[in-house]
Each structure stands twice: as structure tokens, then as C-alpha cells.
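Colleague: Pasting a predicted model and its sequence here:
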Amino acid sequence: MSKLADSMRDAGGPALDVRLAPMRRRHLRSVLRIESQVYPRPWSLGLFLSELGLKTSRVYVVARAEGHTVGYAGLMLAAGDGHITTIAVDPAWHRGHIGTRLLLVLAREAVARGCTALTLEVRLGNAPAQALYRRFGFAPAGIRKNYYTDTNEDAVVMWAHDVDQPAYAERLAAIEEGIPGTTVVEGFDR
């Protein structure tokens, strides 16, 4: 086991059995419930439906545990870059490494679709999310002032480069190794 995997396992959390699959229309009621719990200005049903319709340039995934949708995440593909558009976990399921599992699927899907870099924006005050992204190789690249109009909070723009290289695949494998429980990924060809 790698040092990174050891540190991940030491981070603790319950050993959950989680299934990850492409987001479908039937998941949207649960997705919207989570969305309203975690974001001051949640995305609308129409926005999610629009995103799901862009099949060649979007990847959306849901996480399910114990028969419930417990998290979701999205990715936009553009010109060799993968932009993480959203990631959210039901607050009742925090500490279950759901966000880590979702990000693993999106990172691997981005690489499989030809991306060489990943980017995202994260609230300046969201230190736990920034720590997660750093484990995935994201580094701060700038600040977008007042990016989150609901709270006028700044966004940290983060990038992970060379995600198509073997070292990044090793990083992802080490992260995955450190997650307690099982993760089953369904509906992705890779």
C-alpha cells in the first residue's frame, strides 16, 4: 500500500458500499434534494436536463448507497480540458468518501475522453473541498472575485495538469486504494 493510500485510510470514515453510475433523469429528484441542501442557489431541473442532453461534452455521475442517491458530480469537456462543473454530497453521508469516489470517476472519464488537464472553481472558504482537490493534484491558479453571486464569495481556480500521464493514473490508484469499503462503477465503458 502506498503512503498516500495509508494517509487516506488513516483519514477514517465508514466502510461504505457505493455504486456509481451515469446520472439519468430518474435520479434528478434526489439530485435536486441534495442540491437544495448544499447550495444557496441550487441548479434548476431545467439546467440539469439541459446538461444531461449534452452527451458528447458532459459527464454526470451519481453515487448510491443503501438504496439512496447520496451524491453527484459533473464534468464538461472542452478542447482537451475537463472542467468539474459540480460536485455535491448529501450532508448525512459526509465522511463516507463519496466526493472522492465521484471525482475518481470523473478524472478517469476525462482522461479516457482525451483530456490532458482538469480545472474547477471552489469557494475560497471551503477548505475541506480544496484539500480533496489537492489530493487529486489540483493547484491554485488564481482567484475569481465575487464568482459566487449568491454570497459574493471569491472562487479559487484550480488546475491539475498532465492528467493523461502514467503518474496521474498512479495517483488515482493510490487514492482509490485508501477508500474504505467498496466502490462499484457501472455504465461507463472504461
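Modeller: Received, thanks. Numbers count the residues shown, from 1 in each chain.
Colleague: Need the three-state assignment for residue 17.
Modeller: For residue 17, the assignment made with DSSP: H, G, I helix; E, B strand; the rest coil gives strand.
Colleague: For this protein, which segments are assigned as helices?
Modeller: Remark: helices assigned in the chain by DSSP state H are 3-10, 28-38, 45-53, 98-112, 127-135, 166-177.
Colleague: Quick check: residue 73 touching residue 82?
Modeller: No. Residue 73 is beyond contact range of residue 82, at 11.5 Å (criterion: CB atoms under 8 Å). In this view, the C-beta of every residue, glycine as well, is placed from N, C-alpha and C.
Colleague: Now do the shared contacts for those two.
Modeller: Shared contacts of residue 73 and residue 82 (CB atoms under 8 Å, 6 or more residues apart in numbering): residue 106.
Colleague: ok, the nearest residue to residue 115 once chain neighbours are set aside - how many residues close by?
Modeller: In space, and not counting its chain neighbours, residue 115 is closest to residue 82: 4.1 Å by CB to CB, 6 or more residues apart in numbering. Residues lying near residue 82 (other CB atoms under 10 Å) number 25.
Colleague: ok, now residue 43?
Modeller: Neighbours around residue 43, by other CB under 10 Å: 18.
Colleague: Give me the distance between it and residue 36.
Modeller: 10 Å (CB to CB, to the nearest Å).
Colleague: Kindly report the same for residue 169.
Modeller: Residue 169 sits at a distance of 36 Å from residue 36 (criterion: CB to CB).
Colleague: which of the helices of the chain sits most buried?
Modeller: helix 98-112 (a mean of 22; mean count of other CB atoms under 10 Å).
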